[in-house]
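# predicted coordinates and the sequence they were generated for:
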There are 2 protein chains.
Amino acid sequence: MQSRTRVPRATGRPRSAAADAAILAATREALVELGWSKLTLGDVATRAGVAKTTLYRRWAGKNELVVDAVAELFDELRLPDRGSLAADIEGVVLQFAAILARPEAACGLMAVVAESTRDDALRARIRTSIVEPQKRLVLQGRERAQQRGELPAESDPAEAARTVDLIFDVVAGAVVHRTLVSAEAADEEWVRGFTRILLLGLTST
Amino acid sequence: MQSRTRVPRATGRPRSAAADAAILAATREALVELGWSKLTLGDVATRAGVAKTTLYRRWAGKNELVVDAVAELFDELRLPDRGSLAADIEGVVLQFAAILARPEAACGLMAVVAESTRDDALRARIRTSIVEPQKRLVLQGRERAQQRGELPAESDPAEAARTVDLIFDVVAGAVVHRTLVSAEAADEEWVRGFTRILLLGLTST
DNA sequence: GCCATTACGCTACGACTCGTAGCGAAAGCT
DNA sequence: AGCTTTCGCTACGAGTCGTAGCGTAATGGC
């Protein structure tokens, strides 16, 4: 959220928070209708009922705008306690799949990831705005499973951190690939099969 | 390969195969230097030493061109027999990671996948040109493991097909996510950890 | 060897998007 | 009030898009 991390001046006319929300919503709407490459900032400004210059005063370009617009979508992810590790994983994977099934999330996320291969600053922004915040779900799930006795306590903290990263890559990657590349729904049946494989690998040894 | 599936007329000047190769190579070069959004077809034509009109006569647009340019990169994937299922998996995952580490592969693939969320024809083209051909690796690996006695023979063919799709999504998805989103190398240590989890899930039960 | 056919290189074109600059009006704070 | 910053609007040169038209080059059929 570039515009929110800015320290607002004590004086002068404050920026309209409503304009921020309208612009991000308009960006998602335009992503659905036009896709990434045909999305123009002028069009977004028109949809949001805002002057094009206002948009350029807040975001440096298309990349940064779409990152913020997409990041909001992933904030709603939660990890409700369903009683077992398997049920917890299935629940959060289904939530994640539901978000990715929305065209604006899929289209925007993949596009900025593609651009980030040539732009280190953008990659860092994606990580801090979208990816890292969601690792809390993996940590939370492991902690619960350990309290239930489903997973052993970690002895090596470094190894534990690596495992969290690995799990996150496997879960997020598999759902993304299933949904976007294989282009088939990550429905309950698929999630059950996926969870089974993942769980066996986690609980053994 | 749009231009190759065309039935060449018996008469008239044939299309230059060298131009095809030069255009696809120039596309990959431009992807490395400029990324997806700043890549222009005019620039690609100049790099390839070809008129812009020639490029438009062979490909409908940027999407189709990049799909073909990226597809060539994945043709080199092989599954050498390393003696065990674990070693086979580690070998092919490392190969896949090596390809994805190249900016032109990562950038191009993610960009067209992003565009495909709004374009069914493009999605189908990606699947037939890039994704489906590589599933042979999963089939080949399973067959070898069954001959070695590492995996049981499949009883239900439909279930077996679903498993192949699942494995493919997990492997490809995890490597992509690790490389592009988490932005860390899928090196030997990571691949070992990943293979361990995957194998336990496959061999148990 | 000539001819029909197709591909090629080149130029030019209108339409569109980009990102920026300049202006007067609006909205907040002290 | 007075000061400061934002906002909407217009206009601008630069760059890209995809296409059309033309003359030339390279084939195969006769």
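That came in fine, so what should we check first? Numbering: from 1, shown residues only, chains lettered A, B, ... in the order given.
# contact partners for A:P152?
When the contact criterion is C-beta atoms under 8 Å, 6 or more residues apart in numbering or on different chains, the partners of A:P152 are A:Q146. The way it works is simple: take the backbone N, C-alpha and C, and place the C-beta from them, glycine included.
# and stretch A:105-123, what's buried?
A:105-118, A:122-123 (16 or more other C-beta atoms under 10 Å in any protein chain shown).
# that one near DNA strand C anywhere?
No - applying C-beta under 7 Å from any atom of the strand, one finds stretch A:105-123 separated from DNA strand C by no less than 11.9 Å.
# and the contacts of that stretch?
Contacting residues not belonging to stretch A:105-123 are listed as A:27-28, A:31-32, A:35-36, A:63-64, A:66-67, A:69-70, A:73-74, A:99-100, A:126, A:130, A:179-180, B:32, B:34-37, B:103, B:106-111, B:113-115, B:117-118, B:180-181, B:183 [C-beta under 8 Å, 6+ apart].
# just the buried members of those?
With neighbours counted using 16+ other C-beta under 10 Å, those contain these buried positions: A:27-28, A:31-32, A:35-36, A:63-64, A:66-67, A:69-70, A:73-74, A:99-100, A:126, A:130, A:179-180, B:32, B:35-37, B:106-111, B:113-115, B:117-118, B:180-181, B:183.
# let's see which of those residues end up in helices.
Using DSSP state H, the members of the buried ones among the contacts of stretch A:105-123 that fall in helices are A:27-28, A:31-32, A:63-64, A:66-67, A:69-70, A:73-74, A:99-100, A:126, B:32, B:106-111, B:113-115.
# domain boundaries for chain A, per the record?
Residue ranges for the structural domains of chain A, counted by automatic domain parsing, are given in the record as A:2-61, A:70-203.
# and the last one, how far out from the chain middle?
When C-alpha coordinates are averaged (C-alpha atoms, centre = their mean, to the nearest Å), domain A:70-203 and its chain have centres 9 Å apart.
# got it, and stretch A:32-44?
On C-alpha atoms, centre = their mean, the centre of stretch A:32-44 falls 20 Å from that of its chain.
# for DNA strand C, tell me whether that stretch is touching it.
Yes - using C-beta under 7 Å from any atom of the strand, we find that stretch A:32-44 touches DNA strand C at A:40-43.
# ends of that stretch, what's the gap?
This stretch, stretch A:32-44, spans 12 Å end to end (C-alpha to C-alpha, to the nearest Å).
# how about the helices in chain A?
With DSSP H, the ranges of helices along chain A come out as A:2-5, A:17-34, A:41-48, A:52-58, A:62-74, A:85-100, A:103-116, A:120-126, A:132-148, A:157-176, A:188-203.
# turn those helices into JSON lines, including mean pLDDT.
What follows is these, written out as JSON lines (pLDDT from 0 to 100):
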{"stretch": "helix A:2-5", "mean pLDDT": "41"}
{"stretch": "helix A:17-34", "mean pLDDT": "94"}
{"stretch": "helix A:41-48", "mean pLDDT": "95"}
{"stretch": "helix A:52-58", "mean pLDDT": "95"}
{"stretch": "helix A:62-74", "mean pLDDT": "95"}
{"stretch": "helix A:85-100", "mean pLDDT": "94"}
{"stretch": "helix A:103-116", "mean pLDDT": "94"}
{"stretch": "helix A:120-126", "mean pLDDT": "92"}
{"stretch": "helix A:132-148", "mean pLDDT": "92"}
{"stretch": "helix A:157-176", "mean pLDDT": "93"}
{"stretch": "helix A:188-203", "mean pLDDT": "88"}
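# any chance of TSV for those, columns distance to DNA strand D?
Putting the helices of chain A into TSV (distance: least, C-beta to the nearest atom of the strand, whole Å) gives the following:
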stretch	distance to DNA strand D
helix A:2-5	9
helix A:17-34	5
helix A:41-48	8
helix A:52-58	3
helix A:62-74	14
helix A:85-100	27
helix A:103-116	16
helix A:120-126	20
helix A:132-148	26
helix A:157-176	27
helix A:188-203	36
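# deepest of those, which one?
For the helices of chain A, the stretch with the most neighbours on average is helix A:103-116, a mean of 25; neighbours defined as mean count of other C-beta atoms under 10 Å in any protein chain shown.
# now that helix against helix A:85-100, angle please.
Here helix A:103-116 runs at 90 degrees with respect to helix A:85-100, directions being taken by axes from the mean of the first three to the mean of the last three C-alpha atoms, to 10 degrees.
# put the alpha carbons of helix A:103-116 into PDB.
What follows is helix A:103-116, C-alpha atoms only, in PDB (Å, rounded to 0.1, in the frame of the first residue of the first chain):
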ATOM      1  CA  PRO A 103     -10.000 -13.800 -12.800                       C
ATOM      2  CA  GLU A 104      -8.800 -10.600 -11.400                       C
ATOM      3  CA  ALA A 105      -6.700 -12.400  -8.800                       C
ATOM      4  CA  ALA A 106      -5.300 -14.900 -11.200                       C
ATOM      5  CA  CYS A 107      -4.700 -12.500 -14.000                       C
ATOM      6  CA  GLY A 108      -3.200  -9.800 -11.900                       C
ATOM      7  CA  LEU A 109      -1.000 -12.000  -9.800                       C
ATOM      8  CA  MET A 110       0.600 -13.900 -12.700                       C
ATOM      9  CA  ALA A 111       1.200 -10.700 -14.600                       C
ATOM     10  CA  VAL A 112       3.100  -8.900 -11.800                       C
ATOM     11  CA  VAL A 113       5.000 -12.100 -11.100                       C
ATOM     12  CA  ALA A 114       6.000 -12.100 -14.800                       C
ATOM     13  CA  GLU A 115       7.100  -8.500 -14.600                       C
ATOM     14  CA  SER A 116       9.000  -9.100 -11.400                       C
END
